[in-house]
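>>> Next one to model:
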Amino acid sequence: MDEVKAMDFNTENLSSQIGEKDGIKEKLWRMCRQNKLAAVSAIVILLIILLAVFAPVIAPYGESDTSLTERLAGPSSEHILGTDYLGRDVFTRLLYGARVSLVIGVMPSIIALVVGVTLGLLAGYLGGWVDYVIMRVADVMLSIPSLLLAMVVMYIMGTSVVTLFIALSLTSWASVARVVRSQTLSLKETEYVEAARSIGVKRWTIMFRHIMPNCIPSLIVLFTLNIPSAILSESSLSFLGIGVQPPSASWGLMVNEAKQYLFTSPWLCLIPCLVIMVVVLAFNFLGDGLRDVLDPYMKKQ
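You can find the predicted model right below:
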């Protein structure tokens, strides 16, 4: 019964800080009307996701189908974006590469979110030596260039998709932990948390059931902005030859394979570069739009 009362405190506080569900929906619709760039970005991201999901149906050829007689062919009715140095259809490989980029963009972001939220809650709520140790480790992680750290992990653990997930997760959890810690420090002093603590609610329940829901708006924004960073890191690692390995399709790997044909067949290099640029910009613009709507700190400014 006491825990139910504490949950009532939490519900009231959550409603006051991030708004009722209908209010958020209205603000999202207003964002779509006022921030046209964010709305267009959301449509572009949805289109890329649909193309990636239905790649086997949409793609005119197989991912690794080769035709040496048609190698380095320009755009035509049979190959709308031309073929690469092995005669593989560029459009087909872009579709399959979207699968790799989106999965590698989303999964490490989810892992970093889980780790960062857990450590941020522990650091902010428990304080003391727990806070000191976690934040010093986070400072060390943030002081190392993310791409360099990912390269070191890939060289040590080998090139595989699982290793790539681990490498990219290590480079982004620290920023999530710092944001969650800062919000936990302010939220743990609120009345509903004090009420829950006074009636004997367990620490883990307070952290994950009372405090964490109030961090969700900021976490949504962080998640949206971490995805393009992971996509860029994966493309960079694949370009350097320590990311996704052939014959799998990856946008960064496509750029690496086409760089020697930049002056003779420029579309092979420019097309995947443009796709990477469009997707990364779309996620960044969408993240900026969501931040304007959901981030409580932006609301105060």
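
>>> Which residue comes closest to Val100 once chain neighbours are left out?
Closest residue to Val100 apart from its sequence neighbours, by C-beta to C-beta, 6 or more residues apart in numbering: Ser250 at 4.9 Å. For every residue, glycine as well, the C-beta is placed using N, CA and C.

>>> er, Val137 I mean
Counting by C-beta to C-beta, 6+ apart, the residue nearest Val137 is Ala174, at 7.7 Å.

>>> before we move on, back to that, thought the residue nearest to Val100 was touching Ser238?
Yes - the criterion here is C-beta atoms under 8 Å, and Ser250 meets it with Ser238 at 4.5 Å.

>>> Show me the common contact partners of those two, please.
Common neighbours of Ser250 and Ser238, using C-beta atoms under 8 Å, 6 or more residues apart in numbering, are Val244.

>>> ok, the residue nearest to Val137 - contacts?
Gly116, Val137, Ala138, Asp139, Met141, Leu142.

>>> How many residues are close by the residue nearest to Val100?
27 (other C-beta atoms under 10 Å).

>>> swap in Leu50?
Number of residues near Leu50 (other C-beta under 10 Å) recorded here: 12.

>>> just Ser238 next, same as before
Neighbours of Ser238 (other C-beta under 10 Å): 29.

>>> So it sits against Pro246, correct?
No - with contact defined as C-beta under 8 Å, Ser238 does not reach Pro246; the gap is 9.7 Å.

>>> any common contacting residues for those two?
Common contact partners of Ser238 and Pro246 (C-beta under 8 Å, 6+ apart): Leu253.

>>> circling back: for the contacts of Ala174, I'd like a selection string for PyMOL - just the buried members, please.
Buried residues within these, by 16 or more other C-beta atoms under 10 Å, are selected in PyMOL with:
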select buried, resi 116+138+141
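
>>> Quick check: the farthest pair among the contacts of Ala174?
Taking C-beta to C-beta as the measure, these span a maximum distance of 13.9 Å, between Gly116 and Asp139.

>>> Next, work out how far apart Gly243 and Ala52 are.
Distance from Gly243 to Ala52, counting by C-beta to C-beta, to the nearest Å: 18 Å.

>>> Have a look at these two and say which one is more surrounded.
Comparing Gly243 with Ala52 by other C-beta under 10 Å, the one with more neighbours is Gly243, at 28 against 19.
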